[in-house]
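Undergrad: Curious how this folds, go ahead:
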Amino acid sequence: MTVHTEHDAVHSDGTKPASLMRLRMRETALRQQAAQYQARAEHLERVARHQAQQLGRRIDAHEKIVLGALVKKAGLALTMPTPNTQEEQRCNDVDSAPARRGIAGQSATYDRALILGSLMWLTSALNQPANDAVMVPDRQRLREDGERALQRSL
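TA: Model (predicted):
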């Protein structure tokens, strides 16, 4: 094996060969380019983290909107009336009107029971191990489960 020293790389006139100079310049350029790539990678990681956080917040907001709509549709939403306009709100609020009659009243009860039964089934399905096969029950069973839960809550 041959060992080269700094003294071997220097010409007799004290100058370094051009190939060694080119290699050192190339090494410097490559180090600068590596530093630029590293800075770019760090920037892209920060951007990706920020976008993931924004997406998470957006998904969370959409989930809250959907759950809020389901709760409102099921008639489980609690509204907090302001002291000044309590009577005014009672007149304008469709949900606070006396119990609905006929098909509309049955429809609201059916929707409420079906939504609650579906949410209860979804909760139980999510709590099962990942390997278990999940069978979706028929609508009537979901509705009956929801009605039982509504009866227990009253």
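Undergrad: Low-confidence bits of this structure, can you list those?
TA: Applying pLDDT under 70 to the chain picks out residues 1-16, 71-110, 154.
Undergrad: again, only this time at 80
TA: Applying pLDDT under 80 to the chain flags residues 1-16, 63-112, 126, 129-134, 136, 153-154.
Undergrad: what about A52, distance to A61?
TA: In this view, A52 and A61 are 15 Å apart by C-beta to C-beta, to the nearest Å. C-beta coordinates here come from the backbone N, C-alpha and C atoms, glycine included.
Undergrad: do D132 as well
TA: For D132, the distance to A61 - C-beta to C-beta - is 31 Å.
Undergrad: ok, which stretches of this structure are helices?
TA: According to DSSP state H, the chain carries its helices in the segments 18-74, 86-92, 102-126, 139-153.
Undergrad: can you redo these as JSON lines with mean neighbour count?
TA: Shown next, in JSON lines, are the helices of the chain (neighbours: other C-beta atoms under 10 Å):
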{"stretch": "helix 18-74", "mean neighbour count": "11"}
{"stretch": "helix 86-92", "mean neighbour count": "10"}
{"stretch": "helix 102-126", "mean neighbour count": "15"}
{"stretch": "helix 139-153", "mean neighbour count": "15"}
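Undergrad: Run a quick neighbour tally on N131.
TA: If you count neighbours by other C-beta atoms under 10 Å, N131 ends up with 5.
Undergrad: check contacts around A125.
TA: V134 (C-beta atoms under 8 Å, 6 or more residues apart in numbering).
Undergrad: ditto for the one 10 residues further on
TA: Contacts for M135 (C-beta under 8 Å, 6+ apart) come out as none.
Undergrad: likewise G56?
TA: With C-beta under 8 Å, 6+ apart, G56 has no contacts at all.
Undergrad: likewise the one 5 residues further on?
TA: Residues near A61 by C-beta under 8 Å, 6+ apart: none.
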